[in-house]
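>>> Could you work out the structure for the sequence below:
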Amino acid sequence: MEFQVPIKRLVKRAPEDVASVQVKQRGENRRSSPPPLTAALKVGWRLLQKPEYIRCFVEFQGEKELFNVLYRNARSGHANKIRQLSFRITDVCNLRCHTCCQWGDNGYLLDRKLSDLYKQEVPYERYVEMLRDIKKHGHTPLLYFWGGEPTMYKHLPDVIEEGARLGMAPTMVTNGLNIPKWADRLVEAPLAFIQLSVDGPTKEIQNYARPGADVKHDNFQDVVDSFEALYEARERKGKKLPIIGTITTVSRANYDRLVDIYERFKHRVDLFIFNLSWWIDRDSSVAHEADFEKRFGFRPGLHRGFEGEWNQFDINVLSQQVKELERRASLPGGRAVYIQPRLLEPSQLQKYYTDHNETFGYDQCISIYQCPELDSNGNLSPCRDYHDYIVGNVKETSLVELWNSPKYVEFRQSVRKDGLMPVCTRCCGLMGY
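The predicted structure follows:
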């Protein structure tokens, strides 16, 4: 259902339309968190290798920035185009990272058998069929692959290549497993953007924060080998893509070593992303369960995977670190840095890590109008991190049908009318890119 103003038409009208919009209802104010302009300029030129990818990124971010103009009837719960399709393509992972909601200290998958998780995965052929179908219906979204560890899905390169062929910019986050052996295929596809999870500048810190399911596994070496393989393949083939990035989750293990991470990998990385970490405390967990049940008639449970104490550290030191990162990024030849969300002062950081109700102006969820979340078993959810609410399964129903189905619309209407749920205030869909 397309009832909104297309972005390319809005560009000429934006000043007049923006000025006329009066946003007063609950949940309709939103601070934005786009990548800094300097960061975008430092890495964005690489997308010129595949111009159709530029459109994917611009339409995704542009719709975010102009949401209240484009979606004047957002309370109806109906969405326009799919701007990003998120594949949690497998739940299986070779690591047991402490901060992970799936396999971490309180992860919700810890009691699951790997064989069962493998059996439920969506076949590669169904993904290809689905991508071709949404393209036929006018959707050309960014593709975002995660997990689990996405490279443990053996047909991942095939899905990436099909998405690239259709003009859908593929991106992924990975811990580095299997990347060296797939590097040539990823460069040739091309993958638009790859983020390698780096939580430490040394083997000791990285492997402490991101231990293997096999205690002998060396994830730090995986990361080093992946950076080298991707950089070497890109140079050898004379390509600009993929943009090579890091994603660092700030925790007690590394909050005082963020600058060291930058220095250790700056010769192989185009963009450093530092995530202040998503977390939830027990009081907010309990409040979320009651709020969710009141809205939808059942109690959720996946959010408890984000409960933990790994966000307790010296705020002043963290503030010094993130400010120094931005300073180094601003220097000639400095690598792009993105702090997510961009909170630099000790007072802001103190609130972020102690007051779960503080939103810093991020009080409107746009992700539910842009980004369907696809689970490894084919279930589809509107929510970026907490997939308790399921609208259907793509093994049985087309994604196009589910996108504005009654259950999807109901979820959007609830969040738009009644505002954010307690769990929402620390979410990549709300405060991230």
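>>> Give the residue spans of the stretch 151-300 of the chain that score low on pLDDT.
Within the stretch 151-300 of the chain, not a single segment meets pLDDT under 70.
>>> got the residue ranges for the strands in the stretch 301-433 of the chain?
Counting by DSSP state E, counting those that start in this stretch, the stretch 301-433 of the chain has strands at residues 336-340, 373-374, 379-381, 392-393.
>>> Could you look over the ones you listed and pick the most buried one?
strand 373-374 (a mean of 24; mean count of other Cβ atoms under 10 Å). (Glycine included, C-beta is placed from N, CA and C.)
>>> Spit out the contact partners of Asn393.
If you count contacts by Cβ atoms under 8 Å, 6 or more residues apart in numbering, Asn393 has them with 377-380.
>>> before we move on, what about Phe296?
389, 411, 414.
>>> And these, which is closest to Tyr118?
Comparing the contacts of Phe296 against Tyr118 with Cβ to Cβ places Tyr389 closest, at 24.8 Å.
>>> can you pull the pLDDT of that closest one?
Per-residue pLDDT puts Tyr389 at 97.
>>> neighbours of Val58, just the number please.
The tally of other residues near Val58 (other Cβ atoms under 10 Å) stands at 14.
>>> what's the answer for Lys237, then?
By other Cβ under 10 Å, the residues close to Lys237 number 12.
>>> contacting residues around the residue nearest to Lys395 when sequence neighbours are not counted?
Nearest residue to Lys395 in three dimensions, chain neighbours excluded: Gly378, at 4.1 Å (Cβ to Cβ, 6 or more residues apart in numbering). By Cβ under 8 Å, 6+ apart, the residues touching Gly378 are 120, 122, 126, 393-396.
>>> Adding neighbour count, write the contacts of Phe296 out as JSON lines.
Formatted as JSON lines, the contacts of Phe296 follow (neighbours: other Cβ atoms under 10 Å):
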{"residue": "Tyr389", "neighbour count": "21"}
{"residue": "Phe411", "neighbour count": "19"}
{"residue": "Ser414", "neighbour count": "19"}
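>>> what comes up buried for stretch 385-403?
385-392, 394, 399-400, 402-403 (16 or more other Cβ atoms under 10 Å).
>>> Pull out the buried positions in the longest helix seen in the chain.
As assigned by DSSP state H, the longest helix anywhere in the chain is helix 219-237. Neighbour counts using 16+ other Cβ under 10 Å place 219-220, 222-227, 229-231, 233-234 of helix 219-237 among the buried residues.
>>> cool, stretch 322-340 as well?
Neighbour-count burial for stretch 322-340, counted by 16+ other Cβ under 10 Å, picks out 322, 325-326, 328-329, 334-340.
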